[in-house]
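**Student:** Sequence and predicted structure, then a few things I'm wondering about:
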Amino acid sequence: MNETVHDENVGKWTMVIDLDQCTGCQACVTACSMENNVAFVGEADAAYGRGMHWIRVVREWNGEMPDLTADFRPVMCQQCGEAPCEPVCPVFASTKSVPEQINLQVYNRCIGTRYCGNNCPYIARTFNWFDYERPEPLNFQLNPDVTVRSRGVMEKCTFCVQRIRRGEEDANAEGRPVHDGDVTPACAQACPAQAITFGDITDPESRVAKLARSARAERFLEEVGTEPRVIYLKGNGKVVREG
Amino acid sequence: MSDKLTRREFLKIAAVGTATASVLTGCGTAARYVTRKPYQDMPEYTLPGRSTFYATTCRECPAACGLIVRTVEGRAVKVEGNPNHPVNHGRTCSRGQATLQGLYNPDRLDGPISQSGGSPASPMTWDAAVEIVKGALISGGFTFLLGQTPHHLTDLISEISTAFGAPPPLNYGALGMFEGRATLLQAATALFGLPILPQFDLANADVILSFGANFLETWQSPVAYTRDYATMRGGKSGQRGYLIQFEPRMSLTAANADEWIPVAPGTEGLVAQALGKLVAEQMGSPVPAAFASADVAAAAQASGVAETELRRLARVFANSPRKLALPGGGALGHTNGLEAAQAILFLNVLAGNVDQPGGMSFQPLAAYNQGAAAATAFTGMQELVGRMQRGELKALFIHGFNPVFELPKSLGFTEALANVPLVISFASFPDETVALADYVFPDHTPLESWGYQKIAVGSEQAALSGSQPVVVPLYDTKATADVLLAALQAAGDNSLIAKVPYTDEVDFLQKKLAPLASEDGFYTAVTPKGFWAKWLQFGGWWKTGPSTMPLFAVNDQPLAVGVPEFSGGGEFFLLPYPHPHLGDGSQANRPWLQETPDQTTTVMWGTWVAIHPETADRLGVTDDDVVRVASSTGEIEASVYRYPGIRLDAAAIPFGQGHTALGRFAEGRGANPLAVVDSKLNAAGDLAFGATKVTITPTGKKQKLARYESRVGVYGYDK
């Protein structure tokens, strides 16, 4: 039964990020944290590498002044088809959600071995080293659709699964299939450059399916065989005009 | 709620709650003041588990992006962009996203405070507060010092000031200062006879020369310009657009540019003028008077850009079908800033792009956007400080602006404030100015407030953006407009009330908005009530199609862009700039903005001094070494960040940290570069914030910066 569902929906939800349009502004990082109740850890822990960001914008310097250039790449959980985090979890806390075919962390199964974090080539997972405080009334803004995580569990990008569920439920209530654009994760919704697109890649007419056919499409660290469901559109490169 | 409450009892209580809510929020006049409270007083149309969305306007910067706030059971849980809004088309920046951390900030002021004469802060009643304000208004000799938002308050206070025969309110703010807003307005006035901000159609441009315009971070309307930039990259003009950034530091905008030209600080105007001359020659058109005096060789010498490079750039610009030049704050904040602004604006005239796709245009002048870009020049602040020092000011009202933090220390505002007998702050947070005020009458935070914000740039359509409360005020705060109107009414002078005939803030807004109903907007309404309902529903009002105004005249006059002057004998040019996430510093109390990494350095929570690695080696310092940055006016200490994208003779420090107040997340963190900026002016009377030279000396101390990039693995940080 499960196999059938799996076969029908391989890599259904897909994100496409156009690196030529991404400016590296970090609006997605803040938006994600606001939507998903991501805790802030404070200066000392952030300096120690314990920041809980579910997305990070990787900035890469190339060359030296004056020919210095910078590249930006937002990296979140790549929702691997063959996810390295899954087989190493002794308690099946890192697992595929069958209906959405996305990789999710089951917080109340997680016992905090952190094997999954070690095995993730994208460094997409963050660990709750402490119960991070949200002084009142900052807790008023907590999103009721998203679990608040406590100390000792792993967490990571979920493709905003609560928004996927909401989109599916709303479509169901209206007795129609989910249309392209019904589901938008927080990062894609905020992105001022409109560089992030989200949708169902099995629908050939969807925006992501069209973008995925671009010659610029690539997957991050594709060579390690993770079959990511985030597709990057390469930057067009900088060609100096001679006039 | 007690654990032992039975379900039946709970339902009883819930029923009473609902009944109360419907009395409060039902039909009739009270419907204008809908209360949105959590749980016990939920409005009747709120369904548990379902979200309610309200349209309002972001006030984290003056750009006036439209927001849709998701509320669940009376609590605001998420901010999104308003998809219909003409400025941001449904998008937001990181500052907009974190607005909720202002609303729900644990360090907010929760009621009116008296701390007159240095006495410890004690709570007071709003009735007593209104009496104080009334007394100050009646005795005259007062001035209102306002920020760049919200505009409805500026309009109301202008009317009140006029009624009392007081000077008009002053509008100032660090964001406006760092983009040279007053300078740009004066340059536009000199060239086009119009004191309004030009807006730039980046989306349809092919080649953009940006002179220090950080439009991807904070400049003017960053969300709108980021969208335009992405469209330009997508090749809307026919081929992939081309961005050339002239800036001594590699900002985020420069990092995204196709070419980054690290010109010497303050020589942007010289480069613009030289390019103007070369472009005119290349295009075969007569050299305009504005560019006639340009000396290409001298500009190349001063800026450090080779003459052959200038000629190539001129060819790239001249041969492009759609060319555009942007006058950014980095170019305007120098002693030659006004002339630089004129030269850059005139490049657009030469390019023939005025009112063309991919060019420069002006929003039509109308009652609803009058004063949208209002910005007092720095000389206005100097005059105010002079009046304060001479004891001419009896009372100073401050709203939406933190002058003790946002003005350079060298101006002496803090010292002058001691000479003002009555200082009243309307701040929502305990900032540095609040600490020195006699009374604090906290306004609601933006998401609890009514209002409107005029749109200066960033929108194709002429528009007015509307604010409404998305939740009921959390604390015992009061809208400043209501406090002022109450004071006016308490004064009991009928001639005054006739001049400012509003019962309260909502009444003021409805009367001001009434003329819009007969304008050509995208919605119509038969009754004023109907118009108000749609205004709230859509989060503002705007025209159906693009609206611009043709230029009446272009004044081509000879222009002498001088060599920039600098104060202080230091070795390094100081480049202060607004922190991309903390803006004018008022967002430093939002923990998630502190923890969102800076885009190019990935630093969180702190202040850094960006110097080139070669410079650091020469000074014998490395990452995280604390250095003393000193000018003739002051000194600060901060950690070094070895930044590969900055000139060897410059040091860049972001503005936004260094708070001595503003709550637990902001206080005692980093340093404020305005402590070392000298109060030098340009010809527009605006602050030449880039005209200070500093020395950098190692202190031997080390303070580790929290940086994201050092995170080599989740657990991998080795020290």
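**Tutor:** Here it is on my side, so go on.
**Student:** ok, longest helix in chain A?
**Tutor:** In chain A, taking DSSP state H as the definition, the longest helix is helix A:161-173.
**Student:** does any bit of it sit next to chain B?
**Tutor:** No: against chain B, helix A:161-173 shows no contacts by C-beta under 8 Å from any C-beta of the partner chain, the least distance being 9.3 Å. In this view, the C-beta of every residue, glycine as well, is placed from N, C-alpha and C.
**Student:** send the alpha carbons of that helix over as CSV?
**Tutor:** Provided in CSV are the C-alpha atoms of helix A:161-173 (Å, rounded to 0.1, in the frame of the first residue of the first chain):
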residue,chain,number,x,y,z
VAL,A,161,4.6,21.1,6.0
GLN,A,162,1.9,22.9,8.0
ARG,A,163,1.2,25.1,5.0
ILE,A,164,1.2,22.0,2.7
ARG,A,165,-1.4,20.4,5.0
ARG,A,166,-3.5,23.6,5.1
GLY,A,167,-3.4,23.9,1.3
GLU,A,168,-4.5,20.3,0.9
GLU,A,169,-7.2,20.6,3.5
ASP,A,170,-8.6,23.8,2.0
ALA,A,171,-8.6,22.2,-1.5
ASN,A,172,-10.2,19.1,-0.1
ALA,A,173,-13.0,21.1,1.6
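**Student:** moving C-terminal of that helix, what's the next helix or strand?
**Tutor:** helix A:186-190 (DSSP states H and E).
**Student:** model confidence over that following helix, on average?
**Tutor:** For helix A:186-190, mean pLDDT is 97.
**Student:** what helices or strands is the longest helix of chain A leaning on?
**Tutor:** strand A:102-105 (3 or more C-beta pairs under 8 Å, 6 or more residues apart in numbering or on different chains; DSSP states H and E).
**Student:** Residues in contact with whichever helix or strand comes after the strand it packs on: which ones?
**Tutor:** Scanning forward in sequence from strand A:102-105 by DSSP H and E, the next helix or strand is helix A:115-119. Residues outside helix A:115-119 that contact it (C-beta atoms under 8 Å, 6 or more residues apart in numbering or on different chains): A:84-86, A:88-90, A:93-94, A:105, A:123, A:125-127, A:154, B:713-715.
**Student:** Just the buried residues out of these, in ChimeraX syntax.
**Tutor:** The buried subset of these, as determined by 16 or more other C-beta atoms under 10 Å in any protein chain shown, is captured in ChimeraX by this line:
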select /A:84,85,86,88,89,93,94,105,123,125,126,127,154 /B:714
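**Student:** Other residues contacting the longest helix of chain A?
**Tutor:** A:13, A:97, A:100, A:102, A:104, A:143, A:145-146, A:177-179, A:182-186.
**Student:** pull the CA atoms of stretch A:115-128 into CSV?
**Tutor:** Extracted as CSV, the C-alpha positions of stretch A:115-128 are listed here (Å, rounded to 0.1, in the frame of the first residue of the first chain):
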residue,chain,number,x,y,z
TYR,A,115,23.7,11.0,14.0
CYS,A,116,21.5,12.6,11.4
GLY,A,117,23.2,15.9,11.8
ASN,A,118,26.5,14.3,11.3
ASN,A,119,25.4,12.5,8.2
CYS,A,120,23.8,15.5,6.5
PRO,A,121,26.0,16.7,3.7
TYR,A,122,24.1,20.1,3.6
ILE,A,123,24.5,20.9,7.4
ALA,A,124,20.8,21.5,7.3
ARG,A,125,20.0,20.2,10.7
THR,A,126,20.2,22.1,14.0
PHE,A,127,20.1,20.7,17.5
ASN,A,128,18.4,22.1,20.6
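**Student:** all strands of chain A, in order?
**Tutor:** A:13-18, A:56-62, A:69-75, A:94-97, A:102-105, A:126-127, A:154-155, A:196-200, A:217-218, A:230-233 (DSSP state E).
**Student:** Out of the ones you listed, which gets nearest to chain B?
**Tutor:** Set against chain B and scored by C-beta to the nearest C-beta, those come closest in strand A:69-75, at 3.9 Å.
**Student:** who's in contact with the closest one?
**Tutor:** By C-beta under 8 Å, 6+ apart, strand A:69-75 touches A:17, A:19, A:22-24, A:28-29, A:55-63, A:122-124, A:187, A:196, A:220, A:232, A:235, A:238, B:250, B:255-256, B:260, B:599-600, B:645.
**Student:** Repeat the analysis, applying 6 Å as the threshold.
**Tutor:** A:22, A:24, A:28, A:55-63, A:122, B:255 (C-beta atoms under 6 Å, 6 or more residues apart in numbering or on different chains).
**Student:** Please pick the buried ones from those.
**Tutor:** For the contacts of strand A:69-75, buried by 16+ other C-beta under 10 Å: A:22, A:24, A:28, A:55-59, A:122, B:255.
**Student:** Include pLDDT and distance to residue A:202 when you put these into TSV, please.
**Tutor:** Below are the buried ones among the contacts of strand A:69-75 laid out as TSV (pLDDT from 0 to 100; distance: C-beta to C-beta, whole Å):
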residue	pLDDT	distance to residue A:202
A:22	95	25
A:24	95	31
A:28	97	25
A:55	96	25
A:56	94	29
A:57	95	29
A:58	92	29
A:59	91	34
A:122	93	24
B:255	95	36
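**Student:** Rebuild those as JSON lines, extending it with distance to residue B:524.
**Tutor:** Conversion of those to JSON lines gives the following (distance: C-beta to C-beta, whole Å):
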{"residue": "A:22", "distance to residue B:524": "40"}
{"residue": "A:24", "distance to residue B:524": "43"}
{"residue": "A:28", "distance to residue B:524": "38"}
{"residue": "A:55", "distance to residue B:524": "43"}
{"residue": "A:56", "distance to residue B:524": "47"}
{"residue": "A:57", "distance to residue B:524": "44"}
{"residue": "A:58", "distance to residue B:524": "49"}
{"residue": "A:59", "distance to residue B:524": "49"}
{"residue": "A:122", "distance to residue B:524": "52"}
{"residue": "B:255", "distance to residue B:524": "46"}
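**Student:** and the two most separated of the residues you listed?
**Tutor:** A:122 and B:255 (22.6 Å; C-beta to C-beta).
**Student:** residues in contact with the residue of the stretch 201-350 of chain B found nearest chain A?
**Tutor:** Nearest residue of the stretch 201-350 of chain B to chain A (C-beta to the nearest C-beta) works out as residue B:315 at 2.8 Å. If you count contacts by C-beta under 6 Å, 6+ apart, residue B:315 has them with A:243, B:282.
**Student:** Poorly predicted segments of the chain, please.
**Tutor:** Chain wasn't specified; assuming chain A. For chain A, the stretches flagged by pLDDT under 70 are A:1-11.
**Student:** meant chain B actually
**Tutor:** For chain B (pLDDT under 70), the answer is B:1-46, B:236-237, B:710-719.
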